[in-house]
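# Only the shape, not the letters, is given here:
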C-alpha cells in the first residue's frame, strides 16, 4: 500500500452520487489518506480545485452540469493534476477518450475498494516521487534518487537496466510482475527472446540487494510467471 | 456458375442416350415386325427347293410331298417351263387359268424380275427347265429395278457414318437453338439463387421464358432483406438494452460492493457478521461479472464488439492473467501453477478479449471451488495451433454438464436455465472469444480430477 509520503497528497473526488462519494472517502481515509475533498458537480469541483489545488483527482464521467472529460480539461488548464476516471461508462470509446485526454487510469464501476486503492497508490507513485525515496528491503536499502543500493555500509551502484528492473518491481511492490512485462519494460516493444538476459539481470540485482542471492528474500521468483519485490515495513 | 454447364452436359447426355435408345428400339421393332410379316422362309429359297423337289418320272413330273405341302401352306402355285420348248410342261393344280402356256425369253426375264399375271413370281432351276413359283398378288411386293452405283455400295459404311454424324449434329444444333433463349434466362436466375444465401440484396431481370421464377427470386430476396433488417433492429435493441442495464446497475453495485468490502473488514463486527458481509461482497462480485459478461456476450453475438486484432504473444497474456489472479489473492487460497512451455506463442488476437477469457476461466475455478484449489495454467504450441489451458484439481463438472458446455452454438441463444439466466455464461463467453479468433474452446476433466478448459487458436505463421 501507499507509503506515508503519498498519504499526505490532496485527493479530490468528484461524483454525482453522494453515496459513492461517502464510500470513496471512507475507503481512502481507512487506508490512511488524510486529505480527501469531495464535489458533486463540475462547478463545485472547479471551485474546490481553485481552493485546494488537488494532487490527484478521481472523476466520474457523467455529472449533472457537464462531463468528467471536460472537467479534466479544465483542471489541466489550472495545473498538471494526475487524474483517474471512476465511471459506469465502460465502452471502449469512453476509455480511449479518457486516456486520450491524459488520464492516468480508468476504472469502470462496479469496483472493489481494494482495487481502487491499488490504482490510486500506483498513480501517486508514478506521478510523485518521494523527495528521498529510500526503499527498505530485508538486507539493504535502495536509494532510487542515486540509483544505489546501501548494504552493510557499502554503496553499490545500479546499472541502467538494474535500476529499471528494480523500479518496475518497486512500483508493483508485493505483486507479481510477469517475465513478459519486465522484458517489455527493459527492452521495449519487441521484448521477445530476452528471457535469459532478464534472468542474468535479476541475478546481478540479487547479488546487490540480497544477503544470500541463492536464497532471495526480497526479489523472489514466482515460478513460470515472473518476479515479486517484497518491501520491509517502515 | 458451375451448375449451368453441368445442366447443359446433363441435357446433352440425356438427348444422346435417348437418340441411341430410340434408334435401337426402332431397329428391334423393324426386325420383329419384319419377321412376323415375311414368315420364316424366303420365297427364293422355296422356289429353289421346289425346283429340286420336282423329279421327272416315266409318268411325268412329280413333286415331292413335303414341297407340295409347303406350296399349299404358302398358297403358292408352280409351273415348269421346258428348257427347249419354252412351254409349260408341268403345273400345280391351283395354277391360275390365265397363266400363259408359252414363254418368250423376254417373258422369262420379266417374270424372273417381277410378276406374272400380277402374281409375284420366283424361279428355280429344275432338271429340264425353269420352275416358276407364283404367290398370291398381295403376298409379296417386289422391287423390280433395284440397282445402285457401285461406289455408293463400296463406301456405304463411311457414308452411313457421315450421315449419322450429320444427323446428330443437326439434332444438337436444333437443340442449342431451341434452348439458347432458355439458357440465357437461366443464367441470371442461377446467379440470383447463388447470391440469396449471402444475404446481399438480389435483383434478377424479369424477362424471358423464366420471368416468373425471376420475380419469385426477387420477392424472396426482398423478404429476406426485410427479415434481416427486422432481426438487426431486434438484435441491436436487445444488445442496447443489455448495455443500458449493465450501465445503470454499475453505480448501485459499486455501493453494495464497497460497503460489503468495508463491513467484511470491520473489526467492530462479529466474525459471523463479517462473514455475511463477505458473502454479500462475493455475490455482488458475481453479479458484476455476470452483467459485464452478459454485455460482452451480447456484443460478440451480434457482432457489435470491435476486434482489435494484432500479433500477440498468447503465452504472455495467459501469464499476465495468472499473475493478476495471484496478486488479487494474497491469502493464496487458490494457488496457481504455470506449466507452460518457455518461448512465445504468437497469435493474431485482441489482447483484451483473450485476457478476458483467461479471467473468466480463473474466476470459474474460484467460484466453483470456494474453499480453494490448485489451478494449473499452460500455453504451448501444437502443430499450427496455440493451446491455452486452465485446469484445476477442484470439484470438477458432471459429464452431462460438460456435454452441454461442449455442444450447441453457444452464446446467449442457448436458452435460459432454471434460474432464468444463461447458465455457464462465463464459459460461453470463452467459447465465443475463441470463435472470434478463429479457434475453438473445449471443456473437460483435468488430469487432476477437476475442470479443464482448453482454447485452441491458430498460430501466426511468421513465428517469432
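Right, received. Where do you want to start? Since this is a predicted model, take the numbers as computed values, not measurements.
# Close to chain A: what parts of the stretch 201-350 of chain B are there?
Residues of the stretch 201-350 of chain B found near chain A (Cβ under 8 Å from any Cβ of the partner chain) are B:243, B:247-248, B:250-251, B:253-259, B:261-262, B:284-285, B:288, B:292, B:306, B:313, B:315-316, B:319-320, B:322-323, B:326-328, B:330, B:336-340, B:342, B:344. Just so you know, the C-beta spots here come from the backbone N, C-alpha and C atoms, and that holds for glycine as well.
# Nearest to chain B within chain A, name that residue for me.
The minimum distance from chain A to chain B, using Cβ to the nearest Cβ, falls at residue A:224 (2.6 Å).
# Excluding chain neighbours, what is closest to that residue?
In space, and not counting its chain neighbours, residue A:224 is closest to residue B:338: 2.6 Å by Cβ to Cβ, 6 or more residues apart in numbering or on different chains.
# what residues are up against the one you found?
Neighbouring residues of residue B:338 by Cβ atoms under 8 Å, 6 or more residues apart in numbering or on different chains: A:223, A:224, A:225, B:319, B:322, B:377, B:378.
# Give me the buried entries from these.
A:224, A:225, B:319, B:322, B:377, B:378 (16 or more other Cβ atoms under 10 Å in any protein chain shown).
# so which two of these are the farthest from each other?
Largest separation among those by Cβ to Cβ: A:225 and B:378, giving 11.9 Å.
# mind checking pLDDT for residue A:22?
Per-residue pLDDT puts residue A:22 at 91.
# tell me the contacts of the residue most central in space within chain A?
Chain A has residue A:122 as the residue nearest its centroid, 1.1 Å off, counting by Cα atoms, centre = their mean. Taking Cβ under 8 Å, 6+ apart, we find residue A:122 in contact with A:105, A:171, A:172.
# closest to residue B:227 among the residues you listed?
residue A:105 (45.1 Å).
# Which of the helices or strands spans the residue nearest to the closest one when sequence neighbours are not counted?
Spatial nearest neighbour of residue A:105, excluding adjacent residues (Cβ to Cβ, 6+ apart): residue A:84 at 4.4 Å. Residue A:84 belongs to strand A:83-87 when assigned by DSSP states H and E.
# Buried ones in whichever helix or strand residue B:47 is part of, by neighbour count?
Using DSSP H and E, residue B:47 sits in helix B:43-53. Buried positions in helix B:43-53, judged by neighbour count with 16+ other Cβ under 10 Å: B:43, B:46, B:47, B:48, B:49, B:50, B:51, B:53.
# for stretch B:433-446, same thing?
For stretch B:433-446, by 16+ other Cβ under 10 Å, it's B:433, B:434, B:436, B:437, B:439, B:441, B:442, B:443, B:446.
# ok, now which ones touch residue B:441?
B:357, B:427, B:430, B:431, B:433, B:434, B:435, B:453, B:454, B:455, B:456.
# what are the ranges of the helices in the stretch 101-250 of chain B?
For the stretch 101-250 of chain B, applying DSSP state H, counting those that start in this stretch gives helices covering B:105-113, B:150-154, B:156-195, B:211-248, B:250-264.
# what is the mean pLDDT for the last one?
I take that to be helix B:250-264. 87.
# so that helix versus strand A:83-87, what angle?
Per axes from the mean of the first three to the mean of the last three Cα atoms, to 10 degrees, the angle that helix B:250-264 makes with strand A:83-87 is 100 degrees.
# which residues sit in contact with residue 63?
Reading this off chain A. Residues near residue A:63 by Cβ under 8 Å, 6+ apart: A:14, A:15, A:16, A:40, A:41, A:42, A:45, A:71.
# nope, chain B
Residues counted as contacts of residue B:63 (Cβ under 8 Å, 6+ apart) are B:50, B:53, B:54, B:71, B:78, B:92.
# All the strands of the chain, in order from the start?
Just going to use chain A. For chain A, strands defined by DSSP state E occupy the ranges A:10-14, A:35-39, A:56-59, A:62-63, A:66-67, A:83-87, A:105-108, A:134-136, A:141-143, A:148-151, A:154-157, A:177-178, A:219-222, A:226-229.
# The chain in question should be chain B.
Going by DSSP E, chain B shows strands at B:54-57, B:60-63, B:77-82, B:88-91, B:115-116, B:119-126, B:129-134, B:310-313, B:334-338, B:346-349, B:373-382, B:385-392, B:440-445, B:451-458.
# now the shortest one: mean pLDDT?
Pointing back at strand B:115-116 there. Rounded mean pLDDT across strand B:115-116 is 92.
# Distance from it to the middle of the chain?
Relative to its parent chain, strand B:115-116 has a centroid offset of 69 Å by Cα atoms, centre = their mean, to the nearest Å.
# same thing with the longest one?
Average the C-alpha atoms of strand B:373-382, do the same for its chain, and the two points are 43 Å apart (Cα atoms, centre = their mean).
# gap between the strand holding residue A:84 and the chain center?
That offset, for strand A:83-87, works out to 14 Å (Cα atoms, centre = their mean).
# contact partners of that strand?
A:15, A:24, A:56-62, A:68, A:72, A:75, A:94, A:98, A:102-109, A:111, A:116, A:119-120, A:123.
# let's go with 7 Å and repeat that
Outside strand A:83-87, the residues within contact range by Cβ atoms under 7 Å, 6 or more residues apart in numbering or on different chains are A:57-61, A:68, A:72, A:75, A:98, A:103-109, A:111, A:119-120, A:123.
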